[in-house]
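**Student:** I would like the atomic coordinates for the input below:
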Amino acid sequence: MFKRVKNKVIRLLLIAVYSLIILVCAVQLNFLWLFGYSPTKNDILLPTLHISSELYTADSVLIGRYFEEDRDPVSFDSISVNLLNALVATEDVRFYRHKGVDFIGLFSSLVSTLRGDKRGGSTITQQLAKNLYRTRYNQSQGALGYIPGVRMGITKFKEWMTAYKLESKYEKNEIITMYLNTVSFSNNAYGIKSASLRYFNKQPSELSAPESAVLIGMLKGTTLYNPIRNPDKSKARRNIVLSQMQKEGYINNEQYIAYSKEPLILNVNSSEREGTNDSYLRAAVQKWLEKWSEENDVDIYTAGLKIYTTIDSRMQKLAEETVAEQMDRLQDRLDNTWRGEEPWRDKSGVVIPGFLEDKARKLPVFMALMEKFNGEEERVFEQLRQPKKMKVFTWEGDKEVEMSTMDSLKHYVSMLNTGMMAMNPYNGEIKVWVGGINHRYYKFDHVNQAKRQAGSTFKPFVYLTALEAGMEPCDTYEDKPVRLDFVNDEGEKEIWEPKNADWTFSHRDMSLRWAMARSLNTITAQITMDVGWDKIVETAHRVGINSHLASVPSVGLGSNDVSVFEMVNAYATFMNEGKRVEPILVSEIYDNNGELIASFKTTEKQVVDPENAWLMTYMLRGTIEEPGGTSQALWEWDLFGDENQIGGKTGTSSDYVDGWYMGVAKDLVSGVWVGCDEQSIRFKNSQTGEGSKTALPIYAAFMEKLYRHPELGVTKGKFPDSKVEILKKYNCPSPRIRTVSPPDSVNTELDREERGLQILLTLPEVGDTAGNEIER
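**Tutor:** Numbering: from 1, shown residues only. Predicted structure coming up:
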């Protein structure tokens, strides 16, 4: 075909044009898989930008991000003109004059390279193509990409093609905005907004010329010119960018001289961003969204979602402050309990031999040292016992100490931990989620992941089962020794003889309400025998407990492991007229364009007769109103005014390993657990380690603070009246008696008891409070 063209020049020109067309088509179509991926028309129209998703509280406070690349795009009018000028002056002086590829700049860079001054010839548009479509990644390469030298030539050609496509579709301002939103600035800062916040704690629109020059200077080498790691090199590079701005007329000579003399001043904001991104709540939402993300084919790490939780940031702050204050005191108490002694003990109270060494053997550093010392364990432990400088978590903040690895291990395993959750019992919205004492050091969530023995907080399920079996709150049982002979699942005969927490028996007839209020094991055991432990298991599962429960005689005393999450859900069923609601942690999700794409509401199911549910709230109030009730320590706090009513239940597992408190108020149901992750480390006695001394104070102090802020929606007042007629007898005043507060009950300090008595005597409903006066 070309031979018919007589003019040699024209013939060669036609051959070149046809060859170029064939090459473009071959590259675009990835002919025979030789050239790899090239962006399509749809890719150009809808470029994929990995944008971090943001996590908000119900009151619109940003509390975390999910990202592969921490990116938050901004619009053109949100970018400082200093940034735009610095970028154009340094990276692409003819940006506003070329159509994607600058052949003049390319020729100039080639000449400079031959002279020994290596310079890039890529335009801003070409760099955008590289960043946006990852043209230099292996997955974008075809078979020819494995041939040395050919790979870069094909990659460059594809970037040229993509640059022309971008220029034909977008305005210059759109291209430069997209570029600044895609480029990396090290320290996990992707895009200009993340970078300006990270290094200067400013919005991109607020950056000065020197600050802009620092960030643009990083583009030549984000590690080499990182202002945090290499401040001297960063400053030198900044001044080069400033000189380019002066050369191109964006700043005058006087400004250049003044700016170049300025010190490198940063306002690094990484700690705050990392702090908000390292929390139990963020991790819990991530877990909560896993199923939704999979079902809807949405990647929360790249989709740029706005995720709104049900958490109230102000309640959450009050809860976190309370936990910090109370856990600091409790830790001092535990430390004093074992001062001068090893705290890890078996059931008999004997020190567990080799406990710390066994823990050390599971550490990654132990494995590395074993390899270094050829398996000589003695030398490894010698190394681990060598003191060195380190930072450790304390309640006074991270502390610089000189401590060996073994000592730091002892420090961390001896720390008390906690889990706290609060929920609206009517709509299922979770308002507070405190998964532990510090997520950076203790990743395990003690609200939903951890499961521990519930102790006496499980007893209300026994009493609910009794009500459902036809009993009434005024029915009585005798507080007496109990013996049960039974055959376990292995066919072996066993004897169960539960004792009360104080190891005494009053031999007094007590109403169900009074017995539950005093948390008597003997009466709980008798009820269990009468209604059947299988039935109690069924009741607990029905109201909100999802964990496997071993159906054994001791089930009603809380011998099974459950989570705070489950217990709050179950207690909410009592307050919500017997309707079980599913707890909700996420309320709404918006896409990157601000469109609502998902909303979440609770589901509810009637699982308890409304009469029995109301009677359970009345019986939970008994722990405060009945003589010797285990929640009477609440009188120490400013909780009871305006006819306020609170119900609750303490719980303590065997050997004081776990302390619990479940609290119900008219607007909020809360649960608190306290204990060590290592269950062999615990308090020694009831005076220091029972639930009323560990978990109850956290609940009480939180509610005291919360009641001072009625604008948050939790106010003092009576429990809701029953919407159904109460046919069962429940108004049965307990007798006036002289009591010695048993373990898991009120502190017997005179001033606290007098305060409780004084308030009790002012309550108007005789049926609810009669007999609550405690004689001495």
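**Student:** what comes up buried for the biggest helix by length in the chain?
**Tutor:** Taking DSSP state H as the criterion, the chain has its longest helix at helix 313-337. Of the residues in helix 313-337, 313-316, 318-320, 322-323, 325-327, 330-331, 334, 337 count as buried by neighbour count, 16 or more other C-beta atoms under 10 Å. To be clear about C-beta, it is placed using only N, CA and C from the backbone, and glycine gets the same treatment.
**Student:** out of those, who's nearest Arg361?
**Tutor:** Using C-beta to C-beta, Leu334 is the member of the buried residues of helix 313-337 that lies nearest Arg361, at 25.1 Å.
**Student:** nearest residue to the closest one other than its sequence neighbours?
**Tutor:** Leu416 (5.7 Å; C-beta to C-beta, 6 or more residues apart in numbering).
**Student:** the one you found bridge partners, please.
**Tutor:** When assigned by DSSP bridges, Leu416 has beta-bridge partners Cys676.
**Student:** count of residues packed around it?
**Tutor:** Leu416 has 21 neighbours, counted by other C-beta atoms under 10 Å.
**Student:** residue contacts, it?
**Tutor:** By C-beta atoms under 8 Å, 6 or more residues apart in numbering, Leu416 lies in contact with 327, 330-331, 334, 437, 674-676.
**Student:** dump the residues you listed to CSV, plus pLDDT and distance to Asp59.
**Tutor:** Compiled in CSV, those are given as follows (pLDDT from 0 to 100; distance: C-beta to C-beta, whole Å):
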residue, pLDDT, distance to Asp59
Met327, 97, 26
Leu330, 97, 30
Gln331, 97, 31
Leu334, 97, 36
Ile437, 96, 25
Val674, 98, 28
Gly675, 97, 32
Cys676, 97, 34
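**Student:** for Lys459, what are its contacts?
**Tutor:** 516, 519, 524, 556-558, 649.
**Student:** out of the residues you listed, who has the most neighbours?
**Tutor:** Among the contacts of Lys459, Lys649 has the most neighbours (other C-beta under 10 Å), with 32 neighbours.
**Student:** who does whichever strand or helix holds that residue pair up with?
**Tutor:** Lys649 belongs to strand 647-652 when assigned by DSSP states H and E. Applying DSSP bridges, strand 647-652 is found paired with strand 658-664 (antiparallel).
**Student:** distance of Pro452 from Ala701?
**Tutor:** Pro isn't right for residue 452; it's Arg. Relative to Ala701, Arg452 is positioned 22 Å away (C-beta to C-beta, to the nearest Å).
**Student:** looking at those two, which one has more neighbours?
**Tutor:** Using other C-beta under 10 Å, the more surrounded residue of Arg452 and Ala701 is Arg452, with 24 against 20.
**Student:** burial measure for the residue nearest to that one when sequence neighbours are not counted, as a count.
**Tutor:** Residue nearest to Arg452 in three dimensions, not counting chain neighbours: Asp658, with 4.6 Å by C-beta to C-beta, 6+ apart. By the measure other C-beta under 10 Å, the count of residues near Asp658 is 27.
**Student:** then Gly594?
**Tutor:** Count around Gly594 with other C-beta under 10 Å applied: 7.
**Student:** likewise for the one 10 residues further on?
**Tutor:** Other residues within reach of Glu604, judged by other C-beta under 10 Å, total 16.
**Student:** before we move on, what about the one 3 residues further on?
**Tutor:** The local packing of Val607 (other C-beta under 10 Å) involves 17 other residues.
**Student:** state the distance from it to Gly544.
**Tutor:** Counting by C-beta to C-beta, the separation of Val607 from Gly544 is 8 Å.
**Student:** correct me, but Pro553 touches Gly532?
**Tutor:** No: using C-beta atoms under 8 Å, Pro553 makes no contact with Gly532, being 9.9 Å away.
**Student:** those two: who's more crowded?
**Tutor:** Set Pro553 next to Gly532 and count neighbours by other C-beta under 10 Å: Pro553 wins out with 20 against 14.
**Student:** per-residue confidence for the more buried one?
**Tutor:** At Pro553, the pLDDT value in this model is 94.
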